[in-house]
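Engineer: attaching a predicted model along with its sequence, questions to come.
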Amino acid sequence: RYGTVTGVQTCALPIFAPGVTPAQRLPDVATLQLPPRAFVCWQRQFSATDQDVYAITLDGQLGNMTGVVPVDVTTQSWSVPRCAANGYSNQFLVVAQVDVTGSASWIGGRLVDWSGTVGNAFDIARHGVNFSFGVNTNPDVGGDPDDSYAGNFLVVYENELIANSGQRDIVSRTVTTTGAVSGPLVLQNPSLDERLPSVSKANHSGDWFVCWHTLASAGNHDIEAIHQAIEAAKSVTNKPSLIKVTTTIGFGSPNKANTAGVHGAALGADEAELTRKALDWSYGPFEVPQEAYDHWRQADRKSTRLNS
């Protein structure tokens, strides 16, 4: 069960009919210790709006045990598949983001035993089911390959209570080896935006380590926070990132900031003067300091250079 890496062994996984090249991507792998098994699942594009999930089980020498097994080939679109192993029951759990036109995305799963037998699909996190609400996306799953501990699976995912709000939280649910789902447990629910959760294997006592990507909320004129959020987003290269900038309407106005009174009407001379003082702005109306001109001209030259 324990040892050192002495070499690399490779194998070519079976593909579909020669000459047919549907997009196959986003593989994940889970392993069992006894018997030694490697389980690989991946996403295969069926159509522009439908993704399927397939899997294969390999033995300890990377020999093909089951051939390519369809995990989900329904009219539902299963994407971003992830898998984990449970050594006590010799099972794998495949989870995926499920999308159907007209419905909020949810997290679905199927249990697969080491011989390749696929169980029925079940809902892990779906709006209106098992105390789950909103849009649920980007799952990951942890298990336990140890055959001496009767553990469960832990599924983590993004939850957005209000669609397109840009505010997502990280939620977890446990799944037993019979497919029973419990939870949810919100792991992080502050004002920040959390995405792309990743979960470890269990440590043989029912514990997991979960981490995620946080997009800081950059507000008003906090240039440093905006810069940090951009750098953090650039580090995620396999998926798009959304930076949420929270602003205060009428920022700096002592009496009208964050009120409807500053939305559709002028500040007025008195409030404008108070705002200048609050922002330490010593320039008069419509007066632009030379420093601002120079800064924007420098940015214009840089843009011209990058786009030439």
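Structural biologist: Perfect, I can see it now.
Engineer: which element is Asp270 on?
Structural biologist: Taking DSSP states H and E as the definition, Asp270 sits inside helix 269-278.
Engineer: which residues of the stretch 151-300 of the chain score low on pLDDT?
Structural biologist: 188-192, 215-221, 238-239 (pLDDT under 70).
Engineer: quick one: the helices in it, in order.
Structural biologist: 223-234, 269-278, 290-306 (DSSP state H, counting those that start in this stretch).
Engineer: of all those helices, which one is nearest Asp113?
Structural biologist: Among the helices of the stretch 151-300 of the chain, helix 223-234 comes nearest to Asp113, with 40.1 Å by Cβ to Cβ. For every residue, glycine as well, the C-beta is placed using N, CA and C.
Engineer: name the residues of that closest one that are buried.
Structural biologist: For helix 223-234, the neighbour count (16 or more other Cβ atoms under 10 Å) marks Ala225, Ile226, Ala229 as buried.
Engineer: export these to JSON lines and append columns for distance to Gly109.
Structural biologist: Below are the buried residues of helix 223-234 laid out as JSON lines (distance: Cβ to Cβ, whole Å):
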{"residue": "Ala225", "distance to Gly109": "37"}
{"residue": "Ile226", "distance to Gly109": "38"}
{"residue": "Ala229", "distance to Gly109": "33"}
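Engineer: now do the contacts for Gly134.
Structural biologist: Residues near Gly134 by Cβ atoms under 8 Å, 6 or more residues apart in numbering: Ala104, His127, Asn159, Glu160, Leu161, Ile162, Ala163.
Engineer: and the helices of the stretch 151-300 of the chain as CSV, adding distance to Trp208?
Structural biologist: Shown next, in CSV, are those (distance: least, Cβ to Cβ, whole Å):
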stretch, distance to Trp208
helix 223-234, 24
helix 269-278, 48
helix 290-306, 44
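Engineer: out of the contacts of Gly134, which is most surrounded?
Structural biologist: Asn159 (22 neighbours; other Cβ atoms under 10 Å).
Engineer: quick one: contacts for the residue nearest to that residue when sequence neighbours are not counted?
Structural biologist: Nearest residue to Asn159 in three dimensions, chain neighbours excluded: Val171, at 4.5 Å (Cβ to Cβ, 6 or more residues apart in numbering). The contact partners of Val171, taken as Cβ under 8 Å, 6+ apart, are Ala125, Asn136, Val156, Tyr157, Glu158, Asn159, Gly183, Pro184, Leu185, Val186, Leu187.
Engineer: and the contacts of stretch 289-305?
Structural biologist: With Cβ under 8 Å, 6+ apart as the test, stretch 289-305 has contacts from Tyr283.
Engineer: tell me the spacing between the spatially most central residue of the chain and Ala96.
Structural biologist: What sits nearest the mean C-alpha location of the chain, by Cα atoms, centre = their mean, is Leu196, with 2.7 Å. According to Cβ to Cβ, to the nearest Å, Leu196 and Ala96 sit 15 Å apart.
Engineer: returning to that earlier point: in the helix holding Asp270, which residues are buried?
Structural biologist: Glu271, Leu274, Thr275.
Engineer: just the CA trace of it, in CSV.
Structural biologist: Taking Å, rounded to 0.1, in the frame of the first residue of the first chain, the C-alpha atoms of helix 269-278 are listed here in CSV:
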residue,chain,number,x,y,z
ALA,A,269,-23.5,73.3,-5.1
ASP,A,270,-23.4,72.8,-1.3
GLU,A,271,-23.3,69.0,-1.3
ALA,A,272,-20.7,69.1,-4.2
GLU,A,273,-18.5,71.3,-2.0
LEU,A,274,-18.9,68.9,1.0
THR,A,275,-18.0,66.0,-1.3
ARG,A,276,-14.8,67.7,-2.5
LYS,A,277,-13.8,68.1,1.1
ALA,A,278,-14.7,64.5,2.0
